[in-house]
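Enquirer: I'll drop the sequence and a predicted model, then ask my questions.
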Amino acid sequence: MTTNLSPTLQLNNGDTMPALGLGVAQSSPEDTAEAVRTAIEAGYRLIDTAAAYGNEREVGEGIRQSGIDRKELFVTTKLWVTDFGEHTTRSAFETSLEKLGLDYVDLYLLHWPLPAEFASTIESYKIVQGLQEESLTCAIGVCNFTPDHLTQLMDATTVVPAVNQVELHPYFPQRELQTFAAQHGIITEAWSPIGGVNVYTTSDTDKQRRVLEEPALRAIAEAHGKTPAQVILRWHLQQGRCAIPKSVNAGRIAENFDVFDFELSPEELSAIDGLDTGTRGGPDPDQVNSTTFS
């Protein structure tokens, strides 16, 4: 097993988490266990799943197949919005833990805010605080929260989220959110970190942009003997974020982890920053409700 492990980020509870991990959103259950085992063998130590992904059981199987000591891994899962509330949050967590086959998780996240039902969001977060006090999860946090959502949550609770996992890539870097998070000691974690699956229309409606085909990225990649995807992941790492690229392809899993032997210059980082379109590919967190994904 390789020892080429990811650098780590310091959480606000004193723990550390790997800066690069494997995401399994939209990974089919039949592919997930093998992907997780392959990733661990490649050196990954962060595995990110969620109740809503329907593959927690297979994530656990992949972990067991790898033979790795549980203490070497950082496992994240998430509470789905339909399980928010006093009577369902804890049971949903226990179901996730049972499917994973673990005694604890390293990070437990609320998957989305519910702006129109924010009282239930706060209620669930308070219950998750209790899970942390019981050492059932080492750290707690949220996903897809805006600065306003974070402010409301922090005003009503006693534990600042350790992590806010959000859509973030060169076309949508969310700089204001990143600044807010840093000011409050919250790690920003990027889902869809490469953004290559999304196509963004420009002001010219006859044209579309694909981030992996951007000339600036391709030139930087060629200069370093890397792929555009590797350059984007390096951009995340050098700017202090966590990134969780998703793949079930063994070659791509290895490629995504091969980003620790080069460094981007300030000019190259600035060129990637300049790709910002201000356009998200996923749902707007301010518009999400309990039926958005049904």
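Expert: Received the coordinates, thanks.

Enquirer: Could you use CA atoms for every contact and neighbour count after this?
Expert: Noted.

Enquirer: Counting neighbours, what do you get for Leu275?
Expert: Using other Cα atoms under 10 Å, the number of residues around Leu275 comes to 17.

Enquirer: which residues touch it?
Expert: By Cα atoms under 8 Å, 6 or more residues apart in numbering, Leu275 lies in contact with 170-171.

Enquirer: swap the cut-off to 10 Å and go again
Expert: For Leu275, the contact set (Cα atoms under 10 Å, 6 or more residues apart in numbering) comprises 169-173, 211, 214, 216-217.

Enquirer: for it, helix, strand, or coil?
Expert: coil (DSSP: H, G, I helix; E, B strand; the rest coil).

Enquirer: Ok, Gln165 next?
Expert: strand.

Enquirer: List only buried entries from the contacts of Leu275.
Expert: Among these, those that count as buried by neighbour count (16 or more other Cα atoms under 10 Å) are 169-173, 211, 216-217.

Enquirer: now the contacts of Leu275 as TSV including secondary structure and pLDDT?
Expert: Converted to TSV, the contacts of Leu275 look like this (DSSP: H, G, I helix; E, B strand; the rest coil; pLDDT from 0 to 100):
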residue	secondary structure	pLDDT
His169	strand	97
Pro170	coil	97
Tyr171	coil	96
Phe172	strand	96
Pro173	coil	97
Val211	helix	94
Glu214	coil	96
Ala216	helix	97
Leu217	helix	98
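
Enquirer: Just the closest of those residues to Arg280, please.
Expert: Using Cα to Cα, Phe172 is the member of these that sits closest to Arg280, with 5.9 Å.

Enquirer: these two touch, right, that closest one and Thr277?
Expert: Yes - Phe172 lies in contact with Thr277 (Cα atoms under 10 Å); the separation is 6.2 Å.

Enquirer: And the strands in the stretch 1-150 of the chain, which stretches?
Expert: 8-10, 16-18, 22-23, 46-48, 74-79, 105-110, 137-143 (DSSP state E, counting those that start in this stretch).

Enquirer: and the fourth one, what other elements does it pack with?
Expert: When you say that, I think you mean strand 46-48. Here strand 46-48 touches strand 16-18, strand 22-23, helix 29-42, helix 56-66, strand 74-79, strand 105-110, going by 3 or more Cα pairs under 10 Å, 6 or more residues apart in numbering; DSSP states H and E.

Enquirer: picking up where we left off before, ok, of the buried ones among the contacts of Leu275, which one's closest to Gln287?
Expert: When the buried ones among the contacts of Leu275 are compared against Gln287 (criterion: Cα to Cα), the nearest one is Phe172, at 17.7 Å.

Enquirer: Next one: the closest one relative to Asp276, how far apart?
Expert: 6 Å (Cα to Cα, to the nearest Å).

Enquirer: re earlier: can you list the buried ones among the contacts of Leu275 in TSV and add distance to Ser66?
Expert: Formatted as TSV, the buried ones among the contacts of Leu275 follow (distance: Cα to Cα, whole Å):
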residue	distance to Ser66
His169	30
Pro170	33
Tyr171	35
Phe172	35
Pro173	34
Val211	34
Ala216	38
Leu217	35
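
Enquirer: Is Gln129 in contact with Ala139, as I believe?
Expert: Yes - if you go by Cα under 10 Å, Gln129 and Ala139 touch, sitting 8.8 Å apart.

Enquirer: Between these two, which is the more surrounded one?
Expert: Between Gln129 and Ala139, Ala139 has the larger neighbour count (other Cα under 10 Å), namely 28 against 22.

Enquirer: who are the neighbours in contact with that one?
Expert: Neighbour list for Ala139: 11-17, 76, 105-109, 128-129, 131-133, 159, 161-163 [criterion: Cα under 10 Å, 6+ apart].
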